[in-house]
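>>> model this:
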Amino acid sequence: MAGEQGNRLIVEHEEFVGVDFSRQGLTGLVGVGARFERCRFDGLRFQDVALGSGMELSQFVECSFDGALLTGGAGYSRFVGCTFRDAEIRDLTASYLELIDCVFTGRIRSTTFWGAPPPGSAERFASNLAFLARQGRAEPPGYRALALRESNEFHGNDFSAADLVDTAFRYGVDLTRQRLPSGPDYLYVPNAEAALHRALSLLADRPADDVNARVERSLRRMLDREVGNGQRQLLFREANYKSRGALKPQDRLMFELMRQAAGT
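Down below sits the predicted model:
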């Protein structure tokens, strides 16, 4: 069933193939067990999306979001072979988002991509089941597999021409299977654990002071929060650490050490 509320398109358990939505002035998109194939959403200004709402998977296959703005929640959604050229993705909640062979240019801001669902998934699953039970409703087919899966499929994506602003890859996104931005502003670390230990070793040779202590805490946090949760490669961008156009002393030192440790 498909319908509209204001300028929001709401699609439940329906499939669209080859539909051009780009001229409809939509500002919201909600998918519940929906499938879109070869559809166009170009240039739309989505102020609030729920791409995979509810407790079911929504799929987007070979769709284009070129020049679009997306903000909101990805939910249980899967994108295969989609394009986001000159698009802006902003503050997107992407805990269960899967991306395969998609192309991004434009800007991605304040978004974290997850290689596996973040902590608390099992608790949220149990809470949702309790909610359904109080309403006398059964567990939706397939919901358990979605909510409790061990990883999100995430590979073959091209971010090489994207502007990544305060954007992170966590919980095991394999960066060797993506195309990433490069250049002097970016620092790619192919072996995060070894590089972080090497940076700590280099730091130990420096005189103890407040800046060195701050850097040590940052490096150890990355070992714990990033490597400890399955992230094997890291991507840094200096611009994301700058305040009024300049790096703070601790951030300047961190980049210096990480560049040495990563052999760049």
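
>>> what's the burial count for Ala213?
Counted by other CB atoms under 10 Å, the residues lying close to Ala213 total 12. Bear in mind the C-beta positions are built from the backbone N, C-alpha and C, glycine included.

>>> show me the residues around it that make contact.
Residues in contact with Ala213 (CB atoms under 8 Å, 6 or more residues apart in numbering): none are found.

>>> Give me the below-cutoff pLDDT ranges for this protein.
Along the chain, the parts satisfying pLDDT under 70 run over 1-6, 264.

>>> In it, which residue is most central in space?
Phe113 (2.0 Å; CA atoms, centre = their mean).

>>> Following the chain onward from the longest helix seen in the chain, which element is next?
Counting by DSSP state H, the longest helix found in the chain is helix 210-225. Note on helix 210-225: by DSSP states H and E, the next helix or strand toward the C-terminus is strand 234-237.

>>> Next one: the residue of the chain positioned farthest from its centre from Leu257, what distance?
Residue farthest from the centre of the chain, counting by CA atoms, centre = their mean, is Pro207 at 38.2 Å. The spacing between Pro207 and Leu257, counted by CB to CB, to the nearest Å, is 14 Å.

>>> swap in Leu203?
For Leu203, the distance to Leu257 - CB to CB - is 6 Å.

>>> shared neighbours of the two, which are they?
215, 219.

>>> Counting neighbours around each, name which of those two comes out higher.
Counted by other CB under 10 Å, Leu203 and Leu257 do not tie: Leu257 has more neighbours, with 22 against 18.

>>> Correct me if wrong: the more buried one contacts Ala204.
No. Taking contacts as CB atoms under 8 Å, Leu257 lies outside contact range of Ala204: 10.7 Å.

>>> Going by neighbour count, list what's buried in the host helix or strand of Glu123.
Using DSSP H and E, Glu123 sits in helix 121-134. Within helix 121-134, the residues scored as buried using 16 or more other CB atoms under 10 Å are 121, 125, 129.

>>> Tell me how many other residues crowd the residue nearest to the first one when sequence neighbours are not counted.
Think Ser121. Distances taken as CB to CB, 6 or more residues apart in numbering put Ala147 closest to Ser121, at 6.1 Å, once the chain neighbours are dropped. Using other CB under 10 Å, Ala147 has 20 other residues around it.

>>> how close does Ala147 sit to Gln135?
From Ala147 over to Gln135 (counting by CB to CB), the distance is 18 Å.

>>> quick one: the longest helix of the chain to chain centroid distance?
Averaged C-alpha coordinates place helix 210-225 at 24 Å from its chain's average position (CA atoms, centre = their mean, to the nearest Å).
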